[in-house]
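Student: test case, fold it:
(one chain, ligands or ions: 1)
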Amino acid sequence: MKRIYLDYAAATPLDKRVKNAMKPYEADIFANAGAIHFDGFEAKRAVEESRKSIASILGCKSKEIFFTSGATESNNLAVFGVAEFFKKGHIITSEIEHPSLLAPCKVLEKRGFEITYLKTGSDGIVSPLDVQKHLRKDTILISIIYANNKIGTIQPIKEIGKIKGRAYFHTDATQATNFLNLKVETLGVDLLTANAHKIYGPKGIGVLYKKSGVQIMPQIFGGGHEEGLRSGTSSTPLIVGMAKSLEIAQNIKNEENLRLCQLRDYFIDKVLKEIPIARLNGHPMKRLPNNANFSFLHADAESIIIKLDVLGVSASSGSACEAQYQKDKKENRYSVRFSLGRQ
Ligand code: PMP
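Tutor: Numbers count the residues shown, from 1 in each chain. Next comes the predicted model:
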């Protein structure tokens with residue numbers, strides 16, 4: 001049976017071009033990028049060229065890009081890093097963040113930090129006015145996800161960037177990296193998280209953009225790699241793979257977004273017309289080109305996903321309980337996410 005994979009928001013296949021770009025660094029050019037001999041320099045050059053390429057896509061300096069093990073680590077580094085630098089204060093985030101952002105906030109709450117979790121409107125979007133209303137003199141960090149991983153809603157990052165005041169502004173751009181503008185100056189962010197495995201790159205690699213002058217404390221200590229912000233031997237193949245996957249994503253972004261939007265809207269129309277109990281979750285337009293998230297009244301999400309799986313379709317439970325986007329909370333249990341992709 002030919003399977004239909006509709007879970008690209010969870011993981012994407014490794015692009016062959018990315019795989020090829022990584023290959024030389026897996027066995028032949030294996031030396032430690034921190035070593036000061038010729039072999040090490042070759043690896044170091046690949047790491048620095050990758051950093052430069054990523055920086056040019058984000059419109060920032062190379063020294064503002066820090067490699068991590070993925071978006072979970074980048075989010076942890078941003079939140080704990082800022083909190084530890086300031087030692088106390090108030091943080092604004094939203095209820096629709098990924099667990100790798102919410103869990104650190106919960107830990108900080110126990111350590112005496114005050115956290116405001118903004119609710120979204122019924123369309124799944126955080127209001128910039130709401131951010132402004134909750135800003136305080138002691139707000140040290142605002143962290144709002146760029147595009148939500150479950151219902152795919154795109155948040156008004158640029159607008160929030162304009163009103164952030166003196167607080168540092170972080171966005172988790174993991175789901176947005178494939179599709180949206182990543183220029184950090186336009187967005188007005190001080191910190192940005194991204195990873196490679198949502199963009200047809202390898203798993204286990206991510207970046208944190210940190211604007212020069214923004215002060216955060218490292219969370220992993222050791223040999224002082226990544227300018228002391230994140231110790232650990234650089235994974236040359238993964239870093240090369242991350243840069244290559246981002247380059248490809250940027251090059252095909254416009255046409256791929258158009259293609260996916262058409263597919264998405266066709267799919268949404270069909271489902272809503274043919275299944276009377278189906279409801280679309282999130283904003284009809286301000287959503288990722290690849291995301292369609294539905295609730296099916298009185299039908300449990302898990303059993304739908306299992307039935308689809310038997311029929312050869314991979315979808316995911318878009319547990320919108322996390323997202324709090326629906327007024328009717330009961331409906332949240334019934335949310336199914338379909339996410340489209342290149343194949
Ligand atoms: N943030 C968002 C929005 C995500 O979708 C994910 C992946 N599910 C992560 C963070 C965590 O990414 P990683 O697997 O690279 O740690």
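
Student: okay, helices next: where are they in this structure?
Tutor: Secondary structure of the chain by DSSP state H: the helices cover 16-22, 38-58, 71-86, 99-110, 128-134, 157-163, 184-187, 236-274, 301-310.

Student: how far away is residue 215 from the ligand?
Tutor: Distance, residue 215 to the ligand, by Cβ to the nearest ligand atom, to the nearest Å: 23 Å. Just so you know, the C-beta spots here come from the backbone N, C-alpha and C atoms, and that holds for glycine as well.

Student: wait, that residue touches residue 87, no?
Tutor: No: using Cβ atoms under 8 Å, residue 215 is not in contact with residue 87, being 11.6 Å away.

Student: coming back round to it: just name the most buried of the helices of the chain.
Tutor: For those, the largest average neighbour count (mean count of other Cβ atoms under 10 Å) is found in helix 71-86, namely a mean of 23.

Student: look at residue 72 and report its pLDDT.
Tutor: In this model, residue 72 is scored at 98, pLDDT.

Student: what of the one 10 residues further on?
Tutor: At residue 82, the pLDDT value in this model is 98.

Student: and if you look at residue 332?
Tutor: On the pLDDT scale, residue 332 is placed at 53.

Student: so which residues on the stretch 151-300 of the chain come close to the ligand?
Tutor: 172, 174, 175, 195, 206 (Cβ under 6 Å from any ligand atom).

Student: so which of these are in strands?
Tutor: 172, 195, 206 (DSSP state E).

Student: of all those, which comes closest to residue 291?
Tutor: residue 172 (15.5 Å; Cβ to Cβ).

Student: thinking the closest one is in contact with residue 98, fair?
Tutor: Yes: at 5.9 Å, residue 172 and residue 98 qualify as touching, with contact defined as Cβ under 8 Å.

Student: and the two? Which one has more around it.
Tutor: Neighbour totals were compared for residue 172 and residue 98, and residue 172 leads with 29 against 19 (other Cβ atoms under 10 Å).

Student: tell me the contacts of that one?
Tutor: By Cβ atoms under 8 Å, 6 or more residues apart in numbering, the contact list for residue 172 reads 71, 74, 75, 97, 98, 100, 101, 143, 145, 146, 193.

Student: cool, residue 263 as well?
Tutor: The contact partners of residue 263, taken as Cβ under 8 Å, 6+ apart, are residue 340.

Student: and it, how far is that from residue 278?
Tutor: Computed as Cβ to Cβ, to the nearest Å, the residue 263 to residue 278 distance reads 17 Å.

Student: how far away is residue 23 from residue 15?
Tutor: Distance from residue 23 to residue 15, by Cβ to Cβ: 13 Å.

Student: more neighbours: the two, which one.
Tutor: For residue 23 versus residue 15, neighbours defined as other Cβ under 10 Å are more numerous around residue 15 (19 against 14).

Student: hang on, isn't residue 134 packed against residue 118?
Tutor: Yes: shown here, residue 134 and residue 118 form a contact pair, counting by Cβ under 8 Å, at 6.9 Å.

Student: what's the overlap in contacts for those two?
Tutor: residue 92.

Student: what residue ranges in the stretch 201-343 of the chain score low on pLDDT?
Tutor: 318-333 (pLDDT under 70).

Student: residue of it nearest the ligand, please.
Tutor: Closest residue of the stretch 201-343 of the chain to the ligand, Cβ to the nearest ligand atom: residue 206 (5.2 Å).

Student: ramachandran angles for the spatially most central residue of the chain?
Tutor: Taking Cα atoms, centre = their mean, the centroid of the chain lies closest to residue 174, which sits 1.4 Å from it. The phi/psi pair for residue 174 (degrees, to the nearest 10) reads phi -50, psi -50.
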